[in-house]
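1. A predicted structure for the sequence below; I have some questions about it.
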There are 2 protein chains.
Amino acid sequence: MSAPKVDDAGRTYRGAGPQQRQDERRTRLIDAAVEVFGTSGYRSATVGKVCATAGLTKRYMYESFDGSEALLVAAYTYATDTMRDSIVSGATSGDADSDTRVRNAMTAFFTTIGEDPRLAKIAFVEILGVSPEVDRIYRKTTESFVATLMTVAEPAFDGSSLPAERKWTLATGMVGAVLLIAQQWVLAEHPQQIDSVVASSHSILTAVLGRLTAPCE
Amino acid sequence: MSAPKVDDAGRTYRGAGPQQRQDERRTRLIDAAVEVFGTSGYRSATVGKVCATAGLTKRYMYESFDGSEALLVAAYTYATDTMRDSIVSGATSGDADSDTRVRNAMTAFFTTIGEDPRLAKIAFVEILGVSPEVDRIYRKTTESFVATLMTVAEPAFDGSSLPAERKWTLATGMVGAVLLIAQQWVLAEHPQQIDSVVASSHSILTAVLGRLTAPCE
DNA sequence: ACTATCTGAAACTAGTTGGTGTCAGTTTGA
DNA sequence: TCAAACTGACACCAACTAGTTTCAGATAGT
């Protein structure tokens, strides 16, 4: 008990406490993981490559992560959090007009993955088929996007008399529609203008949402 | 020039010509690949395991395939061909009623992957993120499903004045909706009745198709 | 019966990688 | 100044796998 004791054990080094140093290394590793997994792919990546990209050595990899799979999950979480944030902030920005909010959400989403396709590659391609455990995380994360959609578009869903299970599956389909449009867009390296994919996604979402409340048949 | 010369070189063995024997081995390998990749996953699979499952040795693996990746692609092609066949035959069965045909197609599709989830696992999970080359095949195959959808639902698309690019993206979204519903259904090991996922898929498809021809706003 | 072809199993090679340990050199605090 | 903590580079091992080769034995045609 004398100076800036941040955590329990360890001393400061280059002006940073032990916890802070470890956090910085962890962040650098996740950044490197996004870069490596998002460009060369997870399958062809090795622990060594990620560490080299981070400018660290394996030792610090195993300090913060159990193995390459844990690192992949961290990169995946970063990617999906970024996407979710952009969608939610787009959907809740200003205008109360439901139609405009859907468009804003889609614009924000496609802008985000257009600017950093690595996130899309990780979230839509690399994460799949790694292991049963990672598959489970993927499924749970996808469900969280479905839940997010239902929350954001709550009025439309509330106005429907469909059983909850059906609503959930409809929302899953809507997420899937946007997901595949985005995936193909990224895999094909943006052959279309962003406005076009936004407009199409918007059309699908509003078509299905419209059916929920005002069946036009 | 004497007896049943089937192909160029080689002689009959156990009542089969050389070409027939090789074809049978190839088929057995693909069956084994579907089993192994569709249950344990491609990532944890080895050439040895697939060959053992097929009751053959590595030698015959390299007789018919360049490597495990080629075998994966063969299993993937088998899976997607099976799915496409079920969809198309469902969509073109009897009734001219557009609504019923969509329902039949979805029923056939979900029945197929419900009966053999290995196909879904391979087509929706295992195939992704293997290599740039396999990613390209995945993208092309997905596009072929989009093209199939547009062919089957041609009247609806023809009745729209949207630019071709937009139609294509809308169809991509529809494929994505069904895909994710199916993927989550399989990954979660069928928590819902098949009728429910069929009905939801049907709702989405008809909602979007309906928008194409008869905008209800 | 005899020989050439074909088959199946296993041995072998060579390369890769995850994970751990070592050690010299640097920074901190007393 | 000096010892203890920290860092980074690299060596190291053990396990695993793709792909090739070898060889004894089975099968077909003559």
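-> Ah, there it is.

2. CA atoms for contacts and neighbours, from now on please.
-> Will do.

3. Next, the buried residues of the helix or strand bottoming out on mean pLDDT in chain A.
-> One helix or strand of chain A scores below all others by mean pLDDT, DSSP states H and E: helix A:154-158, with a mean of 94. Within helix A:154-158, the residues scored as buried using 16 or more other C-alpha atoms under 10 Å in any protein chain shown are A:156-157.

4. tell me, how many neighbours does the residue in chain A that DNA strand D sits nearest to end up with?
-> Residue nearest to DNA strand D within chain A (C-alpha to the nearest atom of the strand): residue A:10, separated by 3.0 Å. Residue A:10: 11 surrounding residues under other C-alpha atoms under 10 Å in any protein chain shown.

5. same deal with residue A:93?
-> Residue A:93 has 12 neighbouring residues, counting by other C-alpha under 10 Å.

6. Kindly report the residues of chain A close to DNA strand D.
-> Proximity of chain A to DNA strand D, by C-alpha under 7 Å from any atom of the strand, involves residues A:9-13, A:18, A:21-22, A:55-59.

7. Identify the residues contacting the residue nearest in space to the middle of chain A.
-> For chain A, residue A:80 is the residue whose C-alpha lies nearest the centre (C-alpha atoms, centre = their mean; 1.1 Å). Contacts for residue A:80 were tallied using C-alpha atoms under 8 Å, 6 or more residues apart in numbering or on different chains; they are A:119, A:123, A:141.

8. who wins for most neighbours among those?
-> So for the contacts of residue A:80 (other C-alpha under 10 Å), the most neighbours sit at residue A:119, 27 neighbours.

9. The helix or strand hosting that residue near chain B anywhere?
-> Element membership of residue A:119, judged by DSSP states H and E, is helix A:117-121. No - taking C-alpha under 8 Å from any C-alpha of the partner chain as the criterion, helix A:117-121 and chain B are apart, separated by no less than 8.6 Å.

10. Low-confidence stretches in chain A?
-> A:1-8, A:214-217 (pLDDT under 70).

11. Buried residues of stretch A:139-154, list them for me.
-> Neighbour-count burial for stretch A:139-154 [16+ other C-alpha under 10 Å]: A:139, A:141-143, A:145-150, A:152-153.

12. What about residue A:121, how many residues nearby?
-> 26.

13. repeat for residue A:198
-> By other C-alpha under 10 Å, the burial measure for residue A:198, its neighbour count, is 24.

14. Touching, it and residue A:110? I think so.
-> Yes - taking C-alpha atoms under 8 Å as the definition, residue A:198 is a contact partner of residue A:110 at 7.1 Å.

15. Strands of chain A, residue ranges please.
-> Using DSSP state E, chain A contains no strands.

16. Which residue does chain A have closest to DNA strand C?
-> Closest residue of chain A to DNA strand C, C-alpha to the nearest atom of the strand: residue A:14 (3.2 Å).

17. Next, give phi and psi for that residue.
-> Torsion angles at residue A:14 (phi, psi; degrees, to the nearest 10) stand at phi 50, psi 40.

18. how far away is it from residue A:21?
-> To residue A:21, residue A:14 is 9 Å away according to C-alpha to C-alpha, to the nearest Å.

19. So which of those two has more stuff around it?
-> residue A:21 (15 against 6).

20. quick revisit: which one of the residues of chain A next to DNA strand D is nearest to residue B:179?
-> Nearest to residue B:179, judged by C-alpha to C-alpha, of these is residue A:58 at 38.6 Å.

21. Quickly note the distance from the closest one to chain B.
-> Distance, residue A:58 to chain B, using C-alpha to the nearest C-alpha, to the nearest Å: 23 Å.

22. ok, that residue - contacts?
-> Shown in contact with residue A:58 (C-alpha under 8 Å, 6+ apart): A:47-48, A:51.

23. go with 7 Å
-> Contact analysis of residue A:58 by C-alpha atoms under 7 Å, 6 or more residues apart in numbering or on different chains lists A:48, A:51.

24. Show only the entries of the residues of chain A next to DNA strand D found in helices.
-> Per DSSP state H, helices hold the following members of those: A:18, A:21-22, A:58-59.

25. Format the residues you listed as TSV; extra columns: distance to DNA strand C.
-> Conversion of those to TSV gives the following (distance: C-alpha to the nearest atom of the strand, whole Å):
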residue	distance to DNA strand C
A:18	10
A:21	12
A:22	15
A:58	5
A:59	5
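
26. Tell me who's in contact with residue A:200.
-> Residue A:200 neighbours (C-alpha under 7 Å, 6+ apart): B:166, B:169-170.

27. Between the residues you listed, which sits nearest residue B:132?
-> residue B:169 (22.7 Å).

28. okay, now the closest one: neighbour count?
-> 27.

29. Which residue, neighbours along the chain excluded, lies closest to it?
-> Counting by C-alpha to C-alpha, 6 or more residues apart in numbering or on different chains, residue A:200 is the residue found nearest to residue B:169 once chain neighbours are left out, at 6.2 Å.

30. One more: residue A:183?
-> residue A:124 (6.3 Å).

31. One more: residue A:101?
-> residue A:91 (4.7 Å).

32. my guess is that neighbour meets residue A:106, correct?
-> No - applying C-alpha atoms under 7 Å as the test, residue A:91 and residue A:106 come out as separate, 8.2 Å apart.

33. Counting neighbours, what do you get for residue A:97?
-> Other residues near residue A:97 come to 8 when the count uses other C-alpha under 10 Å.
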